[in-house]
Each structure stands twice: as structure tokens, then as C-alpha cells.
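Asks: here are the coordinates; sequence isn't available:
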Ligand code: FAD
């Protein structure tokens with residue numbers, strides 16, 4: 001059977017222990033032959049240096065590394081400088097985002113939407129970078145309508161993006177229907193499902209409230225019923241997420257992108273279940 005392309009997402013660690021832990025996580029996950037490891041970028045550039053250091057660390061180990069880059073609260077000069085730094089170092093893939101609008105009196109900067117950042121990257125660096133953008137099977141919280149949100153995704157592709165990675169979801173039909181809607185809007189590029197393992201329900205519920213990814217009622221109730229028994233919750237979560245990945249693989253998705261939270265344990269179990 002043809003190997004399904006896989007990628008893993010990290011956040012840039014803050015402490016020496018975090019850096020060492022992430023290195024070990026990479027050793028474990030590298031066994032699955034990922035296409036690339038990506039590293040998130042804090043809104044407004046708050047993790048700029050740590051994102052860069054982590055990306056260069058990954059690259060030095062001989063892996064393909066993709067920094068995330070978000071444009072909210074940034075100027076064109078700042079973004080151009082960042083692109084130059086990555087291009088000079090031979091980084092050739094970017095996960096390109098707007099970022100969440102910061103609360104309070106913070107300047108929006110030179111870019112309002114990710115599509116504008118994609119266009120800027122193409123204008124500055126031609127075809128040097130493979131550009132991945134974000135997509136939302138359950139729709140972005142600010143979207144006016146499903147069709148407006150997919151219209152925005154199309155704008156990102158028209159501006160030069162190559163592929164999309166989705167927000168995580170547990171409703172597999174939401175992804176299938178989303179891809180259908182994308183095709184109706186003339187989108188032909190790959191849409192890679194983003195997969196979130198289930199580490200704990202409190203944290204997952206908090207993320208889901210912010211990003212608009214639904215935890216289906218049956219799943220939330222089952223997870224809540226484990227109370228403090230994290231080990232059993234995780235075993236159950238591994239089953240649920242493995243089945244989700246199997247359904248996606250059988251349907252013929254172009255790849256899977258895992259949100260790792262810098263941990264390898266649950267993902268290794270899911271990958272082993274997927275064989
Ligand atoms: P956009 O594509 O600009 O869309 C934002 C909203 O604006 C949507 O509702 C869209 O429908 C609407 N919109 C777009 N264009 C228009 C227009 N012309 N007119 C009207 N409405 C419009 N955040 C980080 O801060 N750092 C990260 O590293 C990071 N990594 C992520 C990785 C993935 C795979 C995903 C799915 C998300 C990630 N995020 C990250 C979160 C992301 O930044 C937020 O979801 C953010 O709110 C939207 O970013 P976007 O790139 O999708 O924005």
C-alpha cells in the first residue's frame with residue numbers, strides 16, 4: 001500500500017528541559033518517516049526567535065522543517081526580513097497564517113488576512129517556498145458563512161498557496177463535506193486533515209472553545225466520565241483518534257498532520273494502530 005504522507009507540529013519550547021524533551025520527541029516521531037516537522041509562531045511574533053531556533057535545530061538533524069509564520073500585527077519589513085532569514089538558510093516550506101486578532105489596543109499591522117501574506121511571500125520570493133495555509137472543516141469562528149470561509153480558502157490558493165492543513169475535528173463527515181464544498185468552489189489543491197490526539201478533556205475543551213472545533217456530545221460525555229483517570233481517558237482517546245485516522249485514510253486523504261503538543265507517546269500508539 002502507498003505510504004500516507006505524515007507531518008508533525010510542535011510549539012517552540014521555552015526552557016532547556018523543553019528543548020531536550022522536544023529533541024527526544026523528534027527521535028521517536030522520526031521513525032515514522034514524516035514529510036516534515038512544523039513549528040508554530042506566537043501571535044504578533046512573540047515566539048519569533050524560538051520558532052527560528054527550533055526550526056534550525058530540526059534542519060540540523062537532517063529533517064525537513066517548516067516554520068509557521070503569521071502576519072497579524074506585523075509590518076511588511078518584518079515579514080520580508082523573516083522570509084530572507086529562512087530562504088538564506090535553505091528552508092523551503094512555510095505554514096502561512098493570519099494569527100488570532102490580539103485583544104486590546106494592538107495595531108493590526110500591514111496585513112489583514114492570510115491571503116495577503118501569501119501574495120506578499122510570492123511577490124518577495126517567487127516559487128521558493130511551498131506554502132501551506134489553514135482550512136476549517138467546521139468553519140472559522142469569524143466566518144460569515146460556510147461559503148464565505150471556503151471563498152477565503154480559495155483566495156489563499158489563488159494568491160499562491162500549495163496545500164491546506166485543517167483545524168482538528170472529530171466529526172469525520174465535517175471534513176468530507178468540507179472537501180466537497182471546496183471542490184464546488186473550484187479548489188483542487190490537497191486539504192490535509194489536522195489530527196489532535198486526546199491528552200485531557202479540560203485542555204481540549206478550552207482549545208475547542210477558542211478555535212470552533214466541536215467535541216461531539218457523545219465524545220465529550222465519554223471523556224468527562226473518566227474524571228481523573230487520565231490513563232483510561234487516553235487509551236479511549238487513542239482508539240477514537242486511530243479510528244478517525246483510519247476512516248480518513250480509507251477515504252483517500254492526501255496526508256495527515258498531527259498536532260503533537262511536543263509529545264510522542266499517544267501519537268506513536270495511533271501510528272502503530274494505523275500500521
Ligand atoms: P485567514 O485565512 O485570514 O482567515 C481569518 C478569517 O477572516 C476567517 O474567518 C476568514 O473567513 C475571514 N476572511 C479572510 N479573508 C477575508 C476577506 N477578504 N473578507 C472578509 N473575511 C475574510 N495561529 C498562530 O498564531 N500561530 C500558529 O503557528 C498557528 N498555526 C496554525 C496551524 C494550523 C494548521 C491552523 C489550522 C491554525 C493555526 N493557527 C496558528 C491559528 C490561526 O492563526 C487562527 O485560526 C486565525 O484566527 C486565522 O488564521 P488564518 O490564517 O486561517 O486567517
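Replies: Nice, thanks for sending it over. Worth saying up front: this structure is predicted, and the values here are computed from it rather than measured. Numbering: from 1, shown residues only.

Asks: wait, doesn't residue 254 sit right on residue 193?
Replies: No: look at residue 254 against residue 193 with Cβ atoms under 8 Å: they stay out of range, at 9.1 Å. No exception for glycine: its C-beta is placed from N, CA and C like everyone else's.

Asks: show me which of those two is the more surrounded one.
Replies: Neighbour comparison, residue 254 and residue 193: the larger count goes to residue 193, with 27 against 13 (by other Cβ atoms under 10 Å).

Asks: shouldn't residue 21 be in contact with residue 14?
Replies: No: if you go by Cβ under 8 Å, residue 21 and residue 14 don't touch, sitting 11.2 Å apart.

Asks: ok, these two, which is more surrounded?
Replies: More crowded of residue 21 and residue 14, by other Cβ under 10 Å: residue 21, with 15 against 10.

Asks: what residues does the stretch 151-275 of the chain have near the ligand?
Replies: Those residues of the stretch 151-275 of the chain that sit near the ligand, judged by Cβ under 6 Å from any ligand atom, are 152, 156, 165, 167, 194.

Asks: if we use 8 Å, what do you get?
Replies: Proximity of the stretch 151-275 of the chain to the ligand (Cβ under 8 Å from any ligand atom) is limited to residues 151, 152, 153, 155, 156, 165, 166, 167, 194, 211, 257, 259.

Asks: which of those scores worst on pLDDT?
Replies: Ranked by pLDDT, those bottom out at residue 211 (93).

Asks: and for that one, the neighbour number?
Replies: 15.

Asks: and for residue 207?
Replies: Around residue 207 there are 16 residues (other Cβ under 10 Å).

Asks: next one, pLDDT for it please.
Replies: What the model reports as pLDDT for residue 207 is 94.

Asks: show me what contacts it?
Replies: 196, 213 (Cβ atoms under 8 Å, 6 or more residues apart in numbering).

Asks: just to revisit the earlier point, what subset of the residues of the stretch 151-275 of the chain next to the ligand is buried?
Replies: Among those, those classed as buried by 16 or more other Cβ atoms under 10 Å are 152, 153, 155, 156, 165, 166, 167, 194, 257, 259.

Asks: and the next helix or strand past the helix or strand containing the fifth one?
Replies: Per DSSP states H and E, residue 165 falls inside strand 163-168. Next helix or strand after strand 163-168 toward the C-terminus (DSSP H and E): helix 172-184.

Asks: taking strand 163-168 as reference, get the angle to that next one.
Replies: 150 degrees (axes from the mean of the first three to the mean of the last three Cα atoms, to 10 degrees).

Asks: ok, and for helix 172-184, which residues are buried?
Replies: For helix 172-184, using 16+ other Cβ under 10 Å, the buried residues are 172, 174, 175, 178, 179, 181, 182.

Asks: assign the nearest residue in space to the first one that is not next to it in sequence to helix, strand or coil.
Replies: Taking Cβ to Cβ, 6 or more residues apart in numbering as the measure, residue 172 lies nearest to residue 247, with 5.0 Å between them; neighbours along the chain are not counted. Three-state call for residue 247 (DSSP: H, G, I helix; E, B strand; the rest coil): helix.

Asks: and residue 247, how close does it get to the ligand?
Replies: Residue 247 sits 20 Å away from the ligand, going by Cβ to the nearest ligand atom, to the nearest Å.

Asks: now residue 64
Replies: Applying Cβ to the nearest ligand atom, the value for residue 64 to the ligand is 16 Å.

Asks: the one helix or strand residue 59 maps to packs against which elements?
Replies: Element membership for residue 59 (DSSP H and E) is helix 48-60. Secondary structure elements in contact with helix 48-60, counted by 3 or more Cβ pairs under 8 Å, 6 or more residues apart in numbering; DSSP states H and E, are helix 16-30, strand 36-39, strand 65-70, helix 76-88.

Asks: ok now the first one, how far from the chain's centre?
Replies: A distance of 19 Å separates the centroid of the chain from that of helix 16-30, by Cα atoms, centre = their mean, to the nearest Å.
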